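1. Predicted model and sequence follow; I will ask about them next.
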Amino acid sequence: MTSLRAFIVTRLLLTIPMVLTLLTLVFIIMRVLPGDPVSAVIGMKASPEHIERIRRELGLDKPLWAQYVDYLSNLLRGDLGRSMIWGRRRVVDEIWDRFPATLELSIAGFAVSVAIGLLTGTKAAVEQGKGSDVALRIASIVAYAMFIPLLGMLLQLVFGVYLRLFPVAGRKSPIIDVPKITGFYLVDSLIAGNISGVVDALWHLALPSITLGIVLSGIYTRLVRASMLDVLEEDFIRALRARGIPEDSVLYKHALKNAFIPILTMMGLQFALLLAGAVLTETTFSWPGIGTFLVERIEYRDYTTVQGTIVFYALLVSFVSLVVDILYAYIDPRIRY
Amino acid sequence: MALSKKIILVVVLVIVIAAAAFFYLQQQKAAKEVIVIGTTDRITDLDPASAYDFFTWEVLSNIGEGFFKYEPETLELKPALAEDYEVKDGGKVWILKLRKGLKFSDGTELTAEVVKWSIERVARIEGDPAWFVLDFVDKVEVVDKYTVKIVLKQPVAFYKAVLAVPTYFPVSPNSYSADKIDSDNTSGGIGPYRIVRFVRDQELVLEANPNYYGEPPKTKKIIIKFYKDATALRLALESGEIDIAWRTLNPSDIIDLKSKGKYNVIEGNGAFIRYIVLNTNIEPLNNKLVRQALAAALDRKKICDEIFMGTMTPLYSLVPAGMWSHIDAFKEKYGEGPNLDLARELLRKAGYSETNKLKLELWYTPAHYGSTEADVAAAIKECWEATGMIEVEIKSAEWATYIDLTRKKGLPITLYGWYPDYIDPDNFLFPFLHTGSNRWLGNPYSNPDLDKILEEAQIAPDKSRREELYKEAQRILAGDAPIIPIFQGKLYVVTKPEIKGVVIDPYMLLRYWLIYKE
């Protein structure tokens, strides 16, 4: 077995206890909280007999350990179970309905944050010590410390309400029809050849992704700046400049490429933060993603849905960090596992 | 190189502007044919056998119909799916003659068999609103293809109003499961609109039902957009994304939008009530003097003016003002309030003083009744503590916990609200005060004399006799004070100026088919 393959297998095996621990914790915490899904959604006038019948249907009358064993055995068969409220849909369908919205927002927010980080970080490095460098560094700290709902509402007020340039909520305009193919409105509109749909989806993505992007860009700005400062001191940069290579090419083609490894590491680490940020952004912009869904289902004590979503999140974050680790090996041939 | 970059930039800009212009024009064209309504409510179960909440009932009332329906503004119950009816055996037997040739969206014809199946389905499923059937109906019989007979357990004076609630809306046996709740079923009943798209918590798209027997809706397409909170709803209205902001904007937003003059702010007297529930099974609230003192010390006007900025009105009975039989029972007994002298006197009689204070725990739930709830609890505390003889500790729990604890009879004082199921005083008294019927409040209050009055009022065929009985019931309520009314909700709809036809009456549910864009 090659060292990379051994690394991947080890990482995958480590995922199992990690997910199990997380799941057990969520299972216990949800049940320790007062109230249950039946109390949360059933009408106030429901009879105690009716409440008991529903509790039986959902298996909530069983002892806690039996509920836990049932859940784990279903999970081992790849079954995340069914929601305990409204319609009792399969949890996997609930996740699949909402995850594309979160991923679409995360990708757009991520792209915005990296773009801002690369541009401002490079600019700050090149102009080290000047006023613009100081301003960009301060701006990056402010961005990093910014509370997402606050920034979101500010952008909504300015660009949505006063200037009326962008919509303030949702993924699409009510009058636009997007056929559900992949769940990604941009992709689905493109597949359907619906230009209005593409423009509309981008238009709706603008404010939430800029909000998320600005907040996450702070760390990239500082990282790119530090990394670029190191690279710009190296001999090969001096050699390139001496050979008369245009400065843009030196900076963006050669220096930035070499400064990229620590940035890539941060991208992997930022993924979990990105998902957390997406939850707040979704709430602010009524974005129908998995974040708002999770918050709502916690309120309604929808045990199975909350557990399923957390397992899904955990697997996703593990997978992405694994992919990032593997990518290092390709980008930097010196890295060996 | 620099020139080519500029050319690319110009081309990209032109494409973006052209796409935006194209999109904008298309949107403007389509926007005239649809009305977009924003709400912070949500749809629970799109199934009449299970739905029992304000907004889902509103949607069901637009995609389905009962045997009778309320005439806008006059609230007169007019025949709907039943073109005629007969009441026999002193109100125990209801014979409904259905309109002929009505079809559901799946093509199934509305017949007496379908009606019987639909009503029995509600009883079989035993969902939240099943009591509308189980408590009243003995059996349903098919007389002929278009005639159905409903035999009640005993005469019910207001059964015509019960027949208008969404729980009784017939559904097609070919579209709905016979014994399971169909939460996301978009088939609906026979109403002015039909659902063409439903994405839970995102949007609901309704289109005029071409098979509807009545007058076609004034607007072909209604789109409901769901928002997380009042702030998002207001922003959506101000950014032009929605035409109508429906439930529920913050009181401060309503006042602010009104003052701007750019929107129509339509105000309606709703039959929505808020009240304090005192657990009469817990000391010291099992002492009538204590409960009376709390009723006397309450300053309803202060709560309405300071917290709701006048968007709510003080309420002195459980029967809302404007409804027949309403009397200001609490005002008659304790004055407009706060009557601190009377409260102190009652507390002294109960054995309390400035040095031996009455200690109370007041519970509220922070989100279910809007963001103002914490302020309401704080104001009540302030009113009661103004006697100088009461000390109130405020506690809160989110909805799931709150009602769970209430049901288990663990909370001494709680704040709740009520939207009526049908427009009749019975719906504001019987479920709260009749022994056993009020167990949902965790409130063991029981008064056999009051039970008799409420039972008689349910079956008395004469309206004036019922009115007399309900007035008496309200006086007993004020005297015993197991529940203290606080205020009555006004309903607000904020629309763009071009929106017309919005009717808000005590029925409260919005009739989409009347709304149009000028």
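-> Noted; the coordinates are in hand.
2. List of residues touching stretch B:321-333?
-> B:269, B:271, B:295, B:313, B:315-317, B:319-320, B:337, B:423, B:425, B:428, B:463, B:466-467, B:470-471, B:474-475, B:477-479, B:484-485, B:488, B:506 (CB atoms under 8 Å, 6 or more residues apart in numbering or on different chains). The C-beta positions use only the backbone N, C-alpha and C, and glycine is treated the same way.
3. Show me what counts as buried in it.
-> B:Ala321, B:Met323, B:Ser325, B:His326, B:Ile327, B:Asp328, B:Ala329, B:Phe330, B:Lys331, B:Lys333 (16 or more other CB atoms under 10 Å in any protein chain shown).
4. In CSV: these, plus distance to B:Gly101.
-> Shown next, in CSV, are these (distance: CB to CB, whole Å):
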residue, distance to B:Gly101
B:Ala321, 43
B:Met323, 37
B:Ser325, 40
B:His326, 42
B:Ile327, 47
B:Asp328, 49
B:Ala329, 49
B:Phe330, 52
B:Lys331, 53
B:Lys333, 56
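5. Turn these into JSON lines, columns for distance to A:Leu13 and pLDDT.
-> Shown next, in JSON lines, are these (distance: CB to CB, whole Å; pLDDT from 0 to 100):
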{"residue": "B:Ala321", "distance to A:Leu13": "69", "pLDDT": "89"}
{"residue": "B:Met323", "distance to A:Leu13": "68", "pLDDT": "89"}
{"residue": "B:Ser325", "distance to A:Leu13": "72", "pLDDT": "93"}
{"residue": "B:His326", "distance to A:Leu13": "71", "pLDDT": "94"}
{"residue": "B:Ile327", "distance to A:Leu13": "74", "pLDDT": "95"}
{"residue": "B:Asp328", "distance to A:Leu13": "73", "pLDDT": "95"}
{"residue": "B:Ala329", "distance to A:Leu13": "71", "pLDDT": "96"}
{"residue": "B:Phe330", "distance to A:Leu13": "69", "pLDDT": "96"}
{"residue": "B:Lys331", "distance to A:Leu13": "73", "pLDDT": "96"}
{"residue": "B:Lys333", "distance to A:Leu13": "73", "pLDDT": "95"}
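6. Confirm for me that B:Ile483 is in contact with B:Arg274.
-> No. Look at B:Ile483 against B:Arg274 with CB atoms under 8 Å: they stay out of range, at 10.8 Å.
7. Quick one: name the residues of the stretch 151-300 of chain A near chain B.
-> Proximity of the stretch 151-300 of chain A to chain B, by CB under 8 Å from any CB of the partner chain, involves residues A:153, A:156-157, A:160-161, A:164, A:167-171, A:173-177, A:195-196, A:199-200, A:203, A:283-286, A:288, A:292-293, A:296, A:299-300.
8. Select only the buried ones of these in PyMOL?
-> Command for PyMOL, covering only those of those found buried under the criterion 16+ other CB under 10 Å:
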select buried, chain A and resi 153+156+160+161+167+168+169+170+171+173+174+175+176+196+199+200+203+283+284+285+286+288+292+293+296+299+300
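9. could you list every residue that touches the residue nearest to the spatial centre of chain B?
-> Computing the C-alpha centroid of chain B and ranking residues by CA atoms, centre = their mean puts B:Tyr419 first, at 3.3 Å. For B:Tyr419, the contacting residues are B:Phe54, B:Ala271, B:Phe272, B:Met508, by CB under 8 Å, 6+ apart.
10. what is the mean pLDDT for the helix or strand harbouring B:Trp131?
-> Counting by DSSP states H and E, the element that carries B:Trp131 is helix B:131-134. Averaging pLDDT along helix B:131-134 yields 91.
11. Buried residues in that helix, which are they?
-> B:Trp131, B:Phe132, B:Val133.
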